[in-house]
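*Asks:* everything below, folded, please.
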Amino acid sequence: MTTRTTHETVALLVQELGDAVSVDPAALNATRADKSGHVAVGTPLAIITARSIADVQATMRIATLTGTPVVTRGAGTGLAGGAIADDGEIVLSTLAMNRILEISADDELAVVEPGIINAELNAVLATKGLWFAPDPASKAISTVGGNIATNAGGLLCAKYGVTREAVTGLTVVLADGTLLELGHRTVKGVTGLDLTALFIGSEGTLGVIVGATLRLRRLPVGTAATIGAYFSSVEAAARAAAVITSSGLRPAVMELLDPGAMSGISDYLGIPHRAGSYLLVQHDGPGAIVEADAALAVITSLGGDAELSTDPVEAERLFAIRRAFHPAMEARGTVLIEDVCVPRSALPAMFQAISDIEVRFGVDIPTVAHAGDGNLHPNFVFTADPDAPGEVPANIWAAADEMFLAALRLGGTLTGEHGVGLLKKRWLGDELGGPQLELQRQVKGVFDPQGLLNPNKVF
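*Replies:* Numbers count the residues shown, from 1 in each chain. All right, here's what the predicted structure looks like:
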């Protein structure tokens with residue numbers, strides 16, 4: 001874009017949207033980064049704080065008219081650089097579109113705007129005995145629109161599913177401002193192609209999500225039963241997790257922390273260090289205690305030193321170990337938080353692969369896993385260059401490359417829940433292959449022929 005065109009674009013936006021447009025340098029600078037730690041080199045053109053669907057449509061019409069790229073942004077909690085804005089791009093914020101439009105207890109659904117915070121939505125739903133199940137670790141600060149854009153998961157998705165299973169319909173604005181109503185309010189619906197599912201996880205590359213119809217659940221009843229278990233090795237803990245699921249048990253939570261993670265957590269919390277790994281298992285619902293007893297039998301038969309509790313206070317103590325993982329890693333240095341997923345039976349092999357990579361590259365990679373679904377979060381801990389705090393060193397990317405390829409060799413995927421964004425696009429072809437990658441690019445071209453929506457991300 002030329003300087004003249006840039007000024008004209010801002011003038012058109014202000015003319016149409018008034019004080020919803022900001023070019024404040026501090027606000028623009030904040031949109032150049034997300035929780036991944038990556039920082040864009042350039043500076044965005046303007047930020048639009050959309051308050052309505054009409055604001056989003058007007059923004060997209062002007063963007064199409066002027067050929068200006070647009071990055072849709074919620075709370076900025078992403079870990080793959082998916083909502084980072086760069087030079088000359090319009091940032092379209094949906095944070096102010098945060099209303100709950102409808103809650104239907106009879107149909108177990110809610111209609112919401114994209115800017116509603118996950119935890120705030122669930123606080124309202126809880127008063128009606130209802131619950132939106134997707135629970136990313138960022139749920140206290142991440143938006144439902146962002147959860148949908150990345151098909152977010154979390155601790156509970158092995159039992160309750162990822163975001164795609166909890167969304168029945170979407171309202172989206174296309175690149176040219178066209179408004180589409182996708183999906184349905186019914187339990188079943190198979191009319192035409194499932195464009196709702198296509199948009200979930202599309203990371204802002206196909207359109208702007210401006211509304212969602214969510215499938216709700218009744219809050220679980222009964223007493224939860226929680227197990228905290230220590231194992232001599234991460235492979236032993238991973239085997240126990242695999243046997244629990246292959247036995248037909250479905251814990252609501254099953255989290256696995258490797259020895260590196262436990263060492264950092266012990267230092268961070270100031271608790272005695274126990275060598276080995278930690279497996280956290282929680283069952284909920286009417287059969288929780290019976291299922292937890294069966295899981296405990298598996299754990300102890302495979303060498304786990306475990307305790308089971310139905311006391312909420314004791315359960316919180318056991319969960320505190322898991323919750324301390326990320327702050328403990330950040331206390332050690334700069335962290336690249338990664339995300340791969342393998343078949344549950346391959347968890348022991350994936351942990352072994354990570355351990356081998358640590359040795360070969362001389363890099364610390366403490367890892368936590370959602371063991372119930374094979375989703376691992378290796379954390380690459382390193383000392384950042386003070387002159388380039390947003391840059392990941394080459395040796396860390398080389399180790400990450402080996403880790404991604406190891407996951408693919410084990411029948412896994414590059415990302416279980418964080419998305420591809422900017423940081424993983426270089427490996428997309430390794431998983432999809434050339435023909436499928438080209439087909440996906442063609443699909444994007446149908447919805448976004450000028451390539452304006454979240455350019456240089458994913459594809």
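*Asks:* give me the pLDDT for the closest residue to Leu125 other than its chain neighbours.
*Replies:* Leaving aside its chain neighbours, Leu125 sits nearest to Trp131 (5.8 Å; criterion: Cβ to Cβ, 6 or more residues apart in numbering). For every residue, glycine as well, the C-beta is placed using N, CA and C. Here, the pLDDT recorded for Trp131 equals 96.
*Asks:* same question, the one 5 residues further on
*Replies:* At Pro136 the predicted local confidence, pLDDT, stands at 91.
*Asks:* same question, Thr5
*Replies:* 75.
*Asks:* again, but for Phe459
*Replies:* For Phe459, pLDDT reads 90.
*Asks:* quick one: contacts for it?
*Replies:* Counting by Cβ atoms under 8 Å, 6 or more residues apart in numbering, Phe459 makes contact with Thr205, Lys425, Leu428, Leu437, Gln440, Arg441, Lys444.
*Asks:* and Pro378, helix, strand or coil?
*Replies:* Three-state call for Pro378 (DSSP: H, G, I helix; E, B strand; the rest coil): strand.
*Asks:* kindly provide the distance from it to Gly416.
*Replies:* For Pro378, the distance to Gly416 equals 12 Å [Cβ to Cβ, to the nearest Å].
*Asks:* among those two, which residue is more densely surrounded?
*Replies:* Pro378 (29 against 23; other Cβ atoms under 10 Å).
*Asks:* bridging residues for that one?
*Replies:* Per DSSP bridges, the residues bridged to Pro378 are Thr367.
*Asks:* find residues that contact each of Pro378 and Gly416.
*Replies:* Joint contacts of Pro378 and Gly416 (Cβ under 8 Å, 6+ apart) are Val340.
*Asks:* quick one: pLDDT of Asn147?
*Replies:* At Asn147, the pLDDT recorded in the model is 97.
*Asks:* setting the sequence-adjacent residues aside, check what's closest to it.
*Replies:* Spatial nearest neighbour of Asn147, excluding adjacent residues (Cβ to Cβ, 6+ apart): Thr163 at 5.1 Å.
*Asks:* state the distance from that neighbour to Val359.
*Replies:* 36 Å.
*Asks:* report the contact partners of the residue nearest to Asn147.
*Replies:* Residues in contact with Thr163 (Cβ under 8 Å, 6+ apart) are Pro134, Asn147, Ile148, Thr150, Asn151, Ala152, Gly153, Ile200, Gly201.
*Asks:* kindly recompute the last result at 6 Å.
*Replies:* Pro134, Asn147, Ile148, Asn151, Ala152 (Cβ atoms under 6 Å, 6 or more residues apart in numbering).
*Asks:* just those: which are in strands?
*Replies:* Using DSSP state E, no member of the contacts of Thr163 falls in strands.
*Asks:* now do the SS call for Ile227.
*Replies:* What three-state DSSP gives for Ile227 is strand.
*Asks:* test my guess that it contacts Ala306.
*Replies:* Yes. Judged on Cβ atoms under 6 Å, Ile227 makes contact with Ala306 at a distance of 5.5 Å.
*Asks:* need the residues touching each of those two.
*Replies:* Residues touching both Ile227 and Ala306 by Cβ under 6 Å, 6+ apart: Leu296.
*Asks:* quick one: which of those two has more around it?
*Replies:* Comparing Ile227 with Ala306 by other Cβ under 10 Å, the one with more neighbours is Ile227, at 26 against 19.
*Asks:* how much space between that one and Val446?
*Replies:* Counting by Cβ to Cβ - Ile227 and Val446 are separated by 49 Å.
*Asks:* equivalent analysis for Pro220, please.
*Replies:* 41 Å.
*Asks:* who's more crowded, these two?
*Replies:* More crowded of Pro220 and Val446, by other Cβ under 10 Å: Pro220, with 16 against 8.
*Asks:* what about the spatially closest residue to the more buried one that is not a sequence neighbour, distance to Ala315?
*Replies:* Spatial nearest neighbour of Pro220, excluding adjacent residues (Cβ to Cβ, 6+ apart): Asp284 at 4.4 Å. Separation of Asp284 from Ala315 (Cβ to Cβ) stands at 11 Å.
*Asks:* what does Pro220 give?
*Replies:* Counting by Cβ to Cβ, the gap from Pro220 to Ala315 is 14 Å.
*Asks:* Gly129 too?
*Replies:* 21 Å.
*Asks:* who has more neighbours out of these two?
*Replies:* It is Ala315, of Gly129 and Ala315, that has more neighbours when counted by other Cβ under 10 Å, with 20 against 12.
*Asks:* ok, and the closest non-adjacent residue to the more buried one?
*Replies:* Per Cβ to Cβ, 6+ apart, closest to Ala315 is Thr226, 3.9 Å.
*Asks:* the strands in the stretch 201-350 of the chain, which residues?
*Replies:* 208-215, 217-218, 225-231, 253-257, 277-283, 305-309, 334-337, 340-341 (DSSP state E, counting those that start in this stretch).
*Asks:* residues in contact with the third one: which ones?
*Replies:* Taking Cβ under 6 Å, 6+ apart as the criterion, the residues outside strand 225-231 that touch it are 237, 274, 276-283, 288-289, 292, 296, 299, 304-310, 315, 318.
*Asks:* now the buried members of those residues.
*Replies:* Buried subset of those (neighbour count, 16 or more other Cβ atoms under 10 Å): 237, 276-283, 288, 292, 296, 299, 304, 306, 308-309, 315, 318.
*Asks:* ok, back up a step: and of the contacts of Thr163, the nearest to Pro251?
*Replies:* Pro251 lies nearest to Pro134 out of those, by Cβ to Cβ, at 17.0 Å.
*Asks:* where in this structure is pLDDT low?
*Replies:* For the chain, the stretches flagged by pLDDT under 70 are 1-4.
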